[in-house]
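In: please work out how this folds:
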Amino acid sequence: NGFQDTVFQNVVVHPKPRIAFTTANVCQADSASFINTSQIPGGLIQGWQWDFGDQSSSRRKAPRHLYQQYGRYQVQLIGTSDQGCRDTASRPLVVYPMPVPDFTVPRICFQDSASFTNHSRIAQGRIVDYAWTLGDGDSSSQANPAHYYARADTYQVQLQVRSDSGCISDTQKLLIVDPK
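Out: Numbering: from 1, shown residues only. Next up, the predicted model:
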């Protein structure tokens, strides 16, 4: 038949966003901050969808999130441009367990030495530092310190512990030094 026809049509290719973010591992009691470093060469990124890996989500550009349990999570961010183009980024995040400081307060009389028994624990990892404030201006970095108190009184004793992941917790108890 030999007939031929040609149709020209302009096609617009919209830029795809480059979705990226940074974060840092955190202790269980701390909120994780997510820094959105996404870019697009033209247009706007209008939609954000975060999946924090613990069945929680957010639509904020740069959210914070408090994880209830320690563990390893896969965080995902989906960004959508003003033209409907999408990109996804994901990265792991570790939430470290908090150490649980605890100790036994001895019952002592004036001129006796107080021996503190440490019962601190952590679900995963190790406790690496102990910082005792003994209530009379003295301190100790021993796991189970002994201390002599110069007078009968009530003392506030504090134990702060730090894990190998850098997580810190403390507790306080009263010690009564009875007169003889």
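
In: check what pLDDT the closest residue to Y149 other than its chain neighbours gets.
Out: Spatial nearest neighbour of Y149, chain neighbours left out: V177 (4.7 Å); criterion: C-beta to C-beta, 6 or more residues apart in numbering. In this view, the C-beta of every residue, glycine as well, is placed from N, C-alpha and C. At V177, the model reports a pLDDT of 96.

In: quick one: V177 and A152 touch, right?
Out: Yes - with contact defined as C-beta atoms under 8 Å, V177 and A152 form a contacting pair (5.0 Å).

In: need the helices for this protein, in chain order.
Out: Using DSSP state H, the chain contains no helices.

In: strand partners (parallel or antiparallel) of the least confident helix or strand in it by mean pLDDT?
Out: Least confident helix or strand of the chain, by mean pLDDT, DSSP states H and E, is strand 108-109 with a mean of 92. Partner strands and pairing direction for strand 108-109 (DSSP bridges) are strand 168-178 (parallel).

In: please save the CA atoms from the strand it pairs with in PDB.
Out: Taking Å, rounded to 0.1, in the frame of the first residue of the first chain, the C-alpha atoms of strand 168-178 are listed here in PDB:
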ATOM      1  CA  ILE A 168      24.600   4.800  81.200                       C
ATOM      2  CA  SER A 169      22.100   4.200  84.000                       C
ATOM      3  CA  ASP A 170      22.100   5.100  87.700                       C
ATOM      4  CA  THR A 171      20.300   4.400  90.900                       C
ATOM      5  CA  GLN A 172      20.300   5.800  94.500                       C
ATOM      6  CA  LYS A 173      19.700   4.200  97.900                       C
ATOM      7  CA  LEU A 174      19.900   5.400 101.400                       C
ATOM      8  CA  LEU A 175      22.500   4.100 103.800                       C
ATOM      9  CA  ILE A 176      22.000   4.500 107.600                       C
ATOM     10  CA  VAL A 177      25.100   4.400 109.800                       C
ATOM     11  CA  ASP A 178      23.700   3.700 113.300                       C
END
